[in-house]
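Chemist: Sharing a sequence plus its predicted fold:
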Amino acid sequence: IEELTKAVVESIVSTPMNNIRKASEQGNPDIIKMASKLFDYKKQKELD
């Protein structure tokens, strides 16, 4: 069950994560900002 769960999660997040990675490499701040909002990501400095 654990391996099946990992495979399902990987298949769901693979494309979005690749797109976020490409946006980061291409310096696309709009997509990075949107991903940060969607995942409620805060930089470590903001957490301290």
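Modeler: Looks like it came in fine. Residues are numbered from 1 along each chain as shown.
Chemist: and Ile20, how many residues sit next to it?
Modeler: Ile20 has 19 neighbours, counted by other Cβ atoms under 10 Å. Where C-beta positions appear, they are placed from N, C-alpha and C, glycine not excepted.
Chemist: residue farthest from the centroid of this structure?
Modeler: The C-alpha centroid of the chain is most remote from Ile1, which lies 24.3 Å away (Cα atoms, centre = their mean).
Chemist: now the helices: where do they sit in this structure?
Modeler: Assignment of helices within the chain using DSSP state H yields the ranges 2-25, 29-38, 44-47.
Chemist: Any chance of JSON lines for these, columns mean pLDDT?
Modeler: JSON lines is the format used below for the helices of the chain (pLDDT from 0 to 100):
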{"stretch": "helix 2-25", "mean pLDDT": "92"}
{"stretch": "helix 29-38", "mean pLDDT": "85"}
{"stretch": "helix 44-47", "mean pLDDT": "55"}
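Chemist: gap between the spatially closest residue to Ala23 that is not a sequence neighbour and Ile1?
Modeler: Of all residues not flanking Ala23 in the chain, Ile31 sits nearest, at 3.7 Å (Cβ to Cβ, 6 or more residues apart in numbering). Distance of Ile31 to Ile1, computed by Cβ to Cβ, to the nearest Å: 34 Å.
Chemist: Repeat that for Asp30.
Modeler: In terms of Cβ to Cβ, Asp30 sits 38 Å off from Ile1.
Chemist: do the same with Ile12
Modeler: Ile12 is 16 Å from Ile1, by Cβ to Cβ.
Chemist: swap in Ala35?
Modeler: 29 Å.
Chemist: Equivalent analysis for Ile32, please.
Modeler: 34 Å.
Chemist: who are the neighbours in contact with Lys6?
Modeler: For Lys6, no residue meets the contact criterion (Cβ atoms under 8 Å, 6 or more residues apart in numbering).
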